[in-house]
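1. Fold the following, please.
(3 chains)
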Amino acid sequence: MSITCWSEEAYDTLKWLAWKLIREQGHERGNGITHPQIKDGTRYQQTNMTTIANVRQIRLERRSPSYWRVTFDLPPVNIFGPKEIPQLNEIITSIETDADVKVVVFDSAVEGFFLTHYDFLAKPEDQPNLPPGRTGLQPLPDMLARLSRAPVVSIVSIRGRATGVGSELALASDMRFASREKAILSQWEVGAGLVPGGGPMARLPRLIGRGRALEVLLGADDIPGDLAELYGYVNRALPDAELDAFVEALATRIASFDKQAIAETKRLVDIASLPTDAEIVPEWDAFIASVGRPASQTRLKALLERGFHRAGDVENRLGYYVGQLQLK
Amino acid sequence: MSITCWSEEAYDTLKWLAWKLIREQGHERGNGITHPQIKDGTRYQQTNMTTIANVRQIRLERRSPSYWRVTFDLPPVNIFGPKEIPQLNEIITSIETDADVKVVVFDSAVEGFFLTHYDFLAKPEDQPNLPPGRTGLQPLPDMLARLSRAPVVSIVSIRGRATGVGSELALASDMRFASREKAILSQWEVGAGLVPGGGPMARLPRLIGRGRALEVLLGADDIPGDLAELYGYVNRALPDAELDAFVEALATRIASFDKQAIAETKRLVDIASLPTDAEIVPEWDAFIASVGRPASQTRLKALLERGFHRAGDVENRLGYYVGQLQLK
Amino acid sequence: MSITCWSEEAYDTLKWLAWKLIREQGHERGNGITHPQIKDGTRYQQTNMTTIANVRQIRLERRSPSYWRVTFDLPPVNIFGPKEIPQLNEIITSIETDADVKVVVFDSAVEGFFLTHYDFLAKPEDQPNLPPGRTGLQPLPDMLARLSRAPVVSIVSIRGRATGVGSELALASDMRFASREKAILSQWEVGAGLVPGGGPMARLPRLIGRGRALEVLLGADDIPGDLAELYGYVNRALPDAELDAFVEALATRIASFDKQAIAETKRLVDIASLPTDAEIVPEWDAFIASVGRPASQTRLKALLERGFHRAGDVENRLGYYVGQLQLK
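-> From the prediction side, this is the model:
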């Protein structure tokens, strides 16, 4: 079953809009590079990808057998789409099965973006033909649920926007540390008529309480680092200049501990704190259904017209822009 | 079944005390107005109500089809009693069934009081003859449970005291914002020998953790805005001068979003965060039983002698006064 | 069943190491007192105990019929071992069964230590021959689970280190207040290859959320008072000079309330917030199994060589030292 099973009609609307925008603007960010392949309506972000076509967009670096880094490098704004699923799936599988790894840190190589929202311009043919995940969940929630249960400590180091999928990956990880000045977390989806799909309704209330979870999810606004710390959305917000050293010290510290003690302790915490897979199932279904409704199609089109899915102010301040749509 | 099924004997004790106090004092707050109807033992607060007899004490204002305000206006101290239940019930029913409303804000028109404790001087004949609530719960916890599950975002804007029923309404709402200088939250009941009845034992530990919930409930003291924010008892405490604009902006923002996306997202959060009705049932029963015991009757009498149920220092600093009773 | 059922082999290794350390050093802290009984390999800490042999190490003071204090006095570093179990068990039983007590405060008489880790040098013959606990749990988790459910308010006043058992006792208590300058909380066990055994995997995520609980448990580092407050690990951190007066005022306040109202309110909070005993069972089993594994034996030996179980820097900064072992 395809991960983006929204209707062909919905997809066609978005594809047409993206094609029109790109035709009219010719090229982006004034860098003088024309994108001839755009003319046939190929999705916009994909063409930007051509400059890094031979580079892994999600890089796994084994700093030592016990300490790994995963770096998101999908410029210009670290949008996560179906094309990225096989890469991330391979990495999650390695984390689950490697005998030596004890700790994995997720970070970003893209200025301003940790990892942002789902790719709404993905083409049906981009969908990976993946077998159903081990959990029985759809590929994205499946990978996140597996990361939560892996016998390895997962740490996200958030600099820039962790919006939508980025927030969901952060919530599925074991610990979250954020740049006080440069981190933004959000679940912006309700602002665009969507229901979030990667587990935040199950995970956020358990982490930060019902009231603050409802504010994040239904207010759909950008949450800066210090508010995220106050709410417990992240473990701590640290001064940007200290974030890397802090995470590095914590990761190397944990990497020196005994893997079995880590795994057994985490497994016992899981009992007290993880939602069941069954609780997460309806979130993805609700997300897919919401993508096909006029309320979200209209809002996504309006956002695309203003610059969504491209480098610029809409992606930089998505919380603000979803509040300005003034649609019924 | 009546909401206040405490014994006639208990009620008579309190009625006699109120009557005696009022006879001896003649009139209150030196405003020169005599209250002749007090002489027959009519409850004190009720007589103050006569000046606003033709005004709704709980006002519903539809600022737009999608954004409503509910304002508590029960001077002098916003005590909530059985007489107010039908008004609030009607409003909750409208919130549940209206096709357009997306967000409702609860606030107060009474200086110093958001909404305070239950009316312990209510007469048996004040009890509404309501059919059992949809949840099967008693009327007050029934309304609060229905508010939590309504497909509408409920926001409380707390300025002044949210004590007892006020705190319970806040906890049943989706989000809580407080004036840093002027908000006081409390569950003062244990200090008067009572068990709280409107759901705080089920809701507070889920929101702020067992330790802080037990401190609020068993310490029974006043919690100012900034401590309430630290504990997560409110989402945020804001400078008093900024509270109204903040809540207005959030409410109008949410009112611009899609109702179905709001409702489905909230419903999924409910699964992870709401207590069952069955868990709330014993709270109301324990409250009613506690009202009839000598430990609470003695304490309520002592508080009434000092000024409870009237404008003044006991209502303003109830947390302090329950700690000064020095009873066994 | 003995509380420390680790293998004789594991115990012999540690005993030999302690004996060797003590032989080589002759006496400790330069106080000129020789310890002849050490020569036969008697555990080190026990010999220090001889100076206070006739004094209760866990003292119960009834400040009034309704307000009790329990003070840990096991110098030099308030290590808790099997020999202390009968004393604590007797106190917990009194708390559970006394008709008048309403509040009990736990504190320490030892500078720098509230209550620290389990005694890893305890001899098999030190084990109390206790009947199985009422909960069916092993003695230590049994006592902690019973304290959580007692119809009495338990408050810990943390000055100095609450590490391992001390943290677990704090987590099983109803409320935690800490010296901002002098309190340190930690679950250091994973840093020594151990799985914590006294319930923190069940209790910490419910109290502070999964992410911060995993950081405390898997980072295994010292958590100072203000961070403990931010995380909700304690209710509040107070300036050291204010801690005692604050706790005293809260305890005497609660002691003036009605015991039945306290007990019923707490029982209802328990429903929403306590783990089941069944959830705690595997923690102790995992702890005992981990003590017998080479990963912990090697680490505990390395810590003992550096000064573990004795007054000094290793006990004062255990979080730092477990991060410096550099073992595989």
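
2. OK, contacts around the residue of the stretch 51-200 of chain A found nearest chain C?
-> Chain C sits closest to A:Asp174 of the stretch 51-200 of chain A, with a gap of 4.5 Å, by CB to the nearest CB. From N, CA and C alone the C-beta is placed, and that goes for glycine too. Contact partners of A:Asp174, counting by CB atoms under 8 Å, 6 or more residues apart in numbering or on different chains, are A:Ser148, A:Val153, A:Ser154, A:Ile155, A:Lys266, C:Arg210, C:Gly211, C:Leu214, C:Glu215, C:Leu218.

3. swap the cut-off to 10 Å and go again
-> A:103-104, A:147-148, A:150, A:152-156, A:235, A:254, A:266, A:269-270, C:210-211, C:213-215, C:218 (CB atoms under 10 Å, 6 or more residues apart in numbering or on different chains).

4. swap in A:Arg317?
-> A:Arg161, A:Ile184, A:Asp222, A:Gly323, A:Gln324.

5. again, only this time at 7 Å
-> Applying CB atoms under 7 Å, 6 or more residues apart in numbering or on different chains, we find A:Arg317 in contact with A:Asp222.

6. what do you get for A:Val190?
-> A:Val190 neighbours (CB under 7 Å, 6+ apart): A:Leu217, A:Leu218, A:Ala220, B:Phe257, B:Ala261, B:Ile262, B:Thr265.

7. And A:Tyr67, by the same measure?
-> Counting by CB under 7 Å, 6+ apart, A:Tyr67 has contacts A:Val103, A:Ala251, A:Thr252, A:Ala255.

8. wait, the last one sits on A:Ser66?
-> This points to A:Ala255. Yes: here A:Ala255 reaches A:Ser66: they are 4.2 Å apart, a contact under CB atoms under 7 Å.

9. Now for these two: what residues contact both?
-> A:Lys102, A:Val103.

10. is any part of the one helix or strand A:Arg299 maps to close to chain B?
-> Assigned by DSSP states H and E, A:Arg299 belongs to helix A:294-306. Yes: applying CB under 7 Å from any CB of the partner chain, one finds helix A:294-306 touching chain B at A:Ala295.

11. Can I get that helix in PDB, CA atoms only?
-> Output of helix A:294-306 as PDB, limited to C-alpha atoms (Å, rounded to 0.1, in the frame of the first residue of the first chain):
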ATOM      1  CA  PRO A 294     -11.100  20.500   0.100                       C
ATOM      2  CA  ALA A 295     -10.200  22.200   3.400                       C
ATOM      3  CA  SER A 296      -6.600  21.100   3.100                       C
ATOM      4  CA  GLN A 297      -6.300  21.300  -0.700                       C
ATOM      5  CA  THR A 298      -7.400  24.900  -0.600                       C
ATOM      6  CA  ARG A 299      -5.000  25.800   2.200                       C
ATOM      7  CA  LEU A 300      -2.100  23.900   0.700                       C
ATOM      8  CA  LYS A 301      -2.700  25.700  -2.600                       C
ATOM      9  CA  ALA A 302      -2.700  29.000  -0.900                       C
ATOM     10  CA  LEU A 303       0.500  28.200   0.900                       C
ATOM     11  CA  LEU A 304       2.200  27.000  -2.300                       C
ATOM     12  CA  GLU A 305       1.200  30.300  -4.000                       C
ATOM     13  CA  ARG A 306       3.000  32.100  -1.200                       C
END
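
12. Could I get the contacting residues of A:Ile92?
-> A:Ile92 neighbours (CB under 7 Å, 6+ apart): A:Met143, A:Arg146, A:Leu147.

13. In contact with the first one, which residues?
-> Think A:Met143. A:Leu88, A:Asn89, A:Ile92.

14. mind checking which helix or strand it is in?
-> helix A:139-149.

15. what sits up against the helix or strand following the helix holding A:Arg299?
-> Next along the chain after helix A:294-306, taking DSSP H and E as the criterion, comes helix A:313-316. Residues from elsewhere that reach helix A:313-316 (CB under 7 Å, 6+ apart): A:Val77, A:Gly112, A:Thr116, A:Leu303, A:Arg306, A:Gly307, A:Phe308, A:Tyr321.

16. and the second one, how many residues sit next to it?
-> Close neighbours of A:Gly112, defined as other CB atoms under 10 Å in any protein chain shown, add up to 17.

17. Report the spatially closest residue to it, excluding sequence-adjacent ones.
-> Once flanking residues are discounted, A:Gly112 sits nearest to A:Gly160: 4.5 Å by CB to CB, 6 or more residues apart in numbering or on different chains.

18. Next: the last one.
-> The shortest distance from A:Tyr321 to any residue other than its chain neighbours is 5.0 Å, reached at A:Val314 (CB to CB, 6+ apart).

19. so where do the helices sit in the stretch 151-300 of chain A?
-> A:165-172, A:200-208, A:210-219, A:225-231, A:240-255, A:259-273, A:277-291, A:294-306 (DSSP state H, counting those that start in this stretch).

20. Generate JSON lines for those helices, with mean neighbour count, mean pLDDT and distance to B:Pro294 as supplementary columns.
-> Compiled in JSON lines, those are given as follows (neighbours: other CB atoms under 10 Å in any protein chain shown; pLDDT from 0 to 100; distance: least, CB to CB, whole Å):
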{"stretch": "helix A:165-172", "mean neighbour count": "27", "mean pLDDT": "98", "distance to B:Pro294": "50"}
{"stretch": "helix A:200-208", "mean neighbour count": "26", "mean pLDDT": "98", "distance to B:Pro294": "41"}
{"stretch": "helix A:210-219", "mean neighbour count": "26", "mean pLDDT": "98", "distance to B:Pro294": "37"}
{"stretch": "helix A:225-231", "mean neighbour count": "21", "mean pLDDT": "98", "distance to B:Pro294": "44"}
{"stretch": "helix A:240-255", "mean neighbour count": "17", "mean pLDDT": "98", "distance to B:Pro294": "56"}
{"stretch": "helix A:259-273", "mean neighbour count": "21", "mean pLDDT": "97", "distance to B:Pro294": "41"}
{"stretch": "helix A:277-291", "mean neighbour count": "20", "mean pLDDT": "94", "distance to B:Pro294": "46"}
{"stretch": "helix A:294-306", "mean neighbour count": "18", "mean pLDDT": "96", "distance to B:Pro294": "59"}
